[in-house]
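S.K.: Please find the sequence and the predicted model below.
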Amino acid sequence: MATWREETVKVAGSELVLVRGGSGKPLLVLHDEMGYTGWMGWNEELAKGRELIIPLQPGFGKSPRLDWAWRHRDIANFYQNMIRELNLGKVDLLGFSAGGYIAAEMAASNPEQLASLTLVGPMGIKPDKGEIYDMFACTINTYLRASVSSQDNEFKNIYGGEMSPDQFELFEDARAESARIGWEPYMFNPSLPALLRSAANVKLPTLLVRGSEDGVVPEDCIRKYKEALPQAQVVSIAGAGHRVEIEKKDEFVAAVKKILA
Amino acid sequence: MQIAHFTERPMRYVPEAPVLQNRAFFGVSNKYFDAEKAAHDYNFYLDEACYCEEVGFDAVALNEHHGNPFCSGNVLTTEAAILARITSKVKIVLIGTPLPVIKHPLRAAEELATIDVISRGRLVSGWVRGAGSEQFFNNANPAYNREMFNEAHEFIMQAWTREGPWRYEGKHFHYRHVNPWIKPYQKPVPQQWIPGVLSPETILWCAEKAYPYLGLGTALGPTCDMWDMYADKAAELGYQAGPENFGYLLPVFCADTDEKAQELGRGFIYGGGQNAFSRPEHTLPPGYNSKAAIRMLANQPGGSWLGVSKAKMMAGQEDSWDASAYEGLRQKLIKGYEKVQENLQVVVGSPQTCIKKITDILGVIRPGVFTVFAVQGTVGDKDRLRSVELLGKEVLPAVRAFGKQQDLQGPFDRKPGSVKLAPGTKRLPVVDRAALAALNLP
């Protein structure tokens, strides 16, 4: 088991809680809109060759909220300054869902800072067909269930059993902060496809991963990302829902390892 | 004291089954909207308000909700503007304008001032944050609800009092040219009464501004606690809170006999009543309540807010509708109907029954404003008007006499915040807890 630890750093004018584990070149990981779910099997696998650096998004309960932040783009800017101030060098970046949206904003604004970009079921672009599932108009459990095609996997370890008051509060913090920065337009930036030209121009190595049964982010989002980033490879993982990393861990890890290599 | 009549103006023709099936009024498809029946209802409710004036109410109160057949009021200023013209004495109390939901405080300032001018100074302008479901309907970001409420309110106060033109660059609102050519008739501004369901943040905000706070049918024990909180804050700020700082809205239905009132009063639980206003996921959108309120909800196993508990927030939405459950559900609702009457949160009965229960309640929480919340459901024109008549002619005189004897000064009798308290002086009680204990509520 890789050792991982939680540490608080002072960066970009604020305190930020980071989870760090493994060793090697840094792999920056941005969790999704419901918050960090803890160290899972895929973390363990990827930590074998890399140091995983996972910021706990400001306002999600552990890291203080950035009052000045209005949009996911602002969180992206904050993380970019974190990379600079922690001297992480050129990092590989992996983002899930709304964390993928933030990662895409980082790539759009300064692709030179990144060695590669992996977006897993990324929000951030408005699909022409379908809609991004509205996480705000349903209960926590409904959203969690909608995010997988099967619960017969690590889902049970994370979300099974009675929810503690602390976990309930963390979920509510995550939902509130996601609403604050993503309520309208809902979880996308109309400018993002055009802004991604900078990442296309420098041919930033990019991987787009999607579960074939994803009920949260429509397939058309991936198509539009691919349109904006023609250099991207697209990997569709059969039978998985939105949370490919817990539903089909091995395929997911293999795809990510490939781009990291 | 001031006595007001309030109604949600229920859409009386909406069948109950789809409401129960949807487990809430909010979200029931507007395919059930019927223009002809709606035309009847809207006109009836305006006439009903005129009749309230005729039988002796001091005020008629309106609200608005969105996407919800629980209430016909979608844009309350349109109805209030009509009332401004067709009534002549009553105060027109808006409880209230949902500032974060309409997202246009300059327009609100103009509409409300217009009503105040046409009515020659009869507007009471209440403000609300808008129910949780309204944030969805109007796409108002719930995480900014409180900020937008505060900013919109401060802006309107300026728009009503400051000489224009001027420019406003705020956080949520921006106006290049503020110079409304309509200002309130009342100087400097109309009274502002704030309705609520016991959110501590709102209560403290009201105390800071010496705005009367109106408890919306809240349980008596917690109401006493919150009014003490208001009075403590007032004392800290140097004034003695009194009945003029408090109002109470109570569901009341009156008929000639207790039996008839009990039967028709079941309208209060039509479709599940107030508890079925919206489903939990719509009642409590993310960020709508403060972190402290969420923590309280998380840590109290039995705790709930507007009927929403942590358990309900955690539930999924996959429950399927079983038509055979209808009768069982009705029986459950009727049980609830009995319980809220025992708790004195709903009063239903003959004039004598109503007088006794209402004065019992007023004796505990001592408000200067008492608002009757008229029956919901399908109760017809004649029975609704009879309730208004009995209330006006028989109940109100007795309630007024009680108010006089108890010195329940309303905000139009004594200016809220006008009784100064010297530093270090102990404040007087604002509620009667001994009277509450004597009621022996379950």
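M.R.: Cool, got the structure. Residues are numbered from 1 along each chain as shown, chains lettered A, B, ... in the order given.

S.K.: hey, where'd the strands end up in chain B?
M.R.: Under the criterion DSSP state E, chain B carries strands at the ranges B:2-6, B:59-62, B:91-98, B:123-128, B:166-169, B:174-178, B:194-196, B:213-216, B:246-254, B:304-305, B:308-309, B:347-349, B:369-373.

S.K.: where among those is the average confidence lowest?
M.R.: Note on the strands of chain B: lowest mean pLDDT is at strand B:304-305, with a mean of 56.

S.K.: Could you list the low-confidence segments of the stretch 1-150 of chain A?
M.R.: Filtered on pLDDT under 70, the stretch 1-150 of chain A yields the residue ranges A:1-2.

S.K.: Tell me the residues of it that contact chain B?
M.R.: Counting by Cβ under 8 Å from any Cβ of the partner chain, the residues of the stretch 1-150 of chain A lying close to chain B are A:F136, A:A137, A:C138, A:T139, A:I140, A:N141, A:T142, A:R145. Just so you know, the C-beta spots here come from the backbone N, C-alpha and C atoms, and that holds for glycine as well.

S.K.: so which of the strands of chain B comes closest to A:R210?
M.R.: Smallest distance to A:R210 across the strands of chain B (Cβ to Cβ): 34.7 Å, for strand B:308-309.

S.K.: on that earlier part again, format the strands of chain B as JSON lines; extra columns: mean neighbour count and distance to B:Y144.
M.R.: Formatted as JSON lines, the strands of chain B follow (neighbours: other Cβ atoms under 10 Å in any protein chain shown; distance: least, Cβ to Cβ, whole Å):
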{"stretch": "strand B:2-6", "mean neighbour count": "26", "distance to B:Y144": "29"}
{"stretch": "strand B:59-62", "mean neighbour count": "27", "distance to B:Y144": "26"}
{"stretch": "strand B:91-98", "mean neighbour count": "26", "distance to B:Y144": "14"}
{"stretch": "strand B:123-128", "mean neighbour count": "25", "distance to B:Y144": "15"}
{"stretch": "strand B:166-169", "mean neighbour count": "12", "distance to B:Y144": "17"}
{"stretch": "strand B:174-178", "mean neighbour count": "12", "distance to B:Y144": "15"}
{"stretch": "strand B:194-196", "mean neighbour count": "22", "distance to B:Y144": "19"}
{"stretch": "strand B:213-216", "mean neighbour count": "25", "distance to B:Y144": "23"}
{"stretch": "strand B:246-254", "mean neighbour count": "26", "distance to B:Y144": "27"}
{"stretch": "strand B:304-305", "mean neighbour count": "18", "distance to B:Y144": "19"}
{"stretch": "strand B:308-309", "mean neighbour count": "18", "distance to B:Y144": "21"}
{"stretch": "strand B:347-349", "mean neighbour count": "25", "distance to B:Y144": "38"}
{"stretch": "strand B:369-373", "mean neighbour count": "27", "distance to B:Y144": "30"}
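
S.K.: Mind checking the ones you listed for the one nearest to A:G99?
M.R.: The nearest among these, by Cβ to Cβ, is strand B:308-309 at 28.8 Å.

S.K.: Quick check, pLDDT for the residue of the stretch 51-200 of chain B found nearest chain A.
M.R.: Nearest residue of the stretch 51-200 of chain B to chain A: B:A143, at 3.7 Å (Cβ to the nearest Cβ). pLDDT for B:A143: 97.

S.K.: which stretches of the stretch 301-442 of chain B form helices?
M.R.: B:310-314, B:326-342, B:351-365, B:381-390, B:396-405, B:433-439 (DSSP state H, counting those that start in this stretch).

S.K.: Run the chain-centre distance for the third one.
M.R.: In terms of Cα atoms, centre = their mean, to the nearest Å, the centre of helix B:351-365 is found 19 Å from the chain centre.

S.K.: Secondary structure of A:L117: a strand, I assume?
M.R.: Yes: counting by DSSP: H, G, I helix; E, B strand; the rest coil, A:L117 is part of a strand.

S.K.: longest single helix anywhere in chain B?
M.R.: Longest helix in chain B, counting residues (DSSP state H): helix B:35-55.

S.K.: tell me which residues in that one are buried?
M.R.: Using 16 or more other Cβ atoms under 10 Å in any protein chain shown as the test for burial, helix B:35-55 gives B:D41, B:Y42, B:F44, B:Y45, B:L46, B:E48, B:A49, B:Y51, B:C52, B:E53, B:V55.

S.K.: The fourth one: what's it in contact with?
M.R.: By Cβ atoms under 8 Å, 6 or more residues apart in numbering or on different chains, the contact set of B:Y45 is B:T7, B:R9, B:S72, B:E79.

S.K.: so what's the nearest residue to B:M229 once chain neighbours are set aside up against?
M.R.: Among residues not flanking B:M229 along the chain, B:I203 sits closest, at 5.7 Å (Cβ to Cβ, 6 or more residues apart in numbering or on different chains). B:I203 makes contact with B:G196, B:Y213, B:M226, B:M229, B:Y230, B:K233 under the criterion Cβ under 8 Å, 6+ apart.

S.K.: Kindly report the same for B:Y175.
M.R.: With contacts defined as Cβ under 8 Å, 6+ apart, B:Y175 is in contact with B:L106, B:R167, B:Y168.

S.K.: What residues does the first one make contact with?
M.R.: For B:L106, the residues meeting the contact criterion (Cβ under 8 Å, 6+ apart) are B:F155, B:A159, B:F173, B:Y175, B:V178, B:P180.

S.K.: Around the third one, how many other residues sit close by?
M.R.: Spelled out, it's B:F173. Using other Cβ atoms under 10 Å in any protein chain shown, B:F173 has 16 neighbouring residues.

S.K.: what's the distance between it and B:Y144?
M.R.: B:F173 sits 11 Å away from B:Y144, going by Cβ to Cβ, to the nearest Å.

S.K.: And the last one, by the same measure?
M.R.: Distance, B:P180 to B:Y144, using Cβ to Cβ: 24 Å.

S.K.: Who has more neighbours out of the two?
M.R.: The neighbour comparison of B:P180 against B:Y144 (other Cβ under 10 Å) goes to B:Y144, with 20 against 16.

S.K.: Chain neighbours aside, what residue packs nearest to residue 155?
M.R.: You didn't pick a chain, so chain A it is. In space, and not counting its chain neighbours, A:F155 is closest to A:V148: 5.3 Å by Cβ to Cβ, 6+ apart.

S.K.: you looked at the wrong chain, it should be chain B
M.R.: The nearest residue in space to B:F155 (Cβ to Cβ, 6+ apart) is B:P105, at 4.6 Å.

S.K.: so what pLDDT did the one you found get?
M.R.: Note for B:P105: predicted pLDDT of 98.
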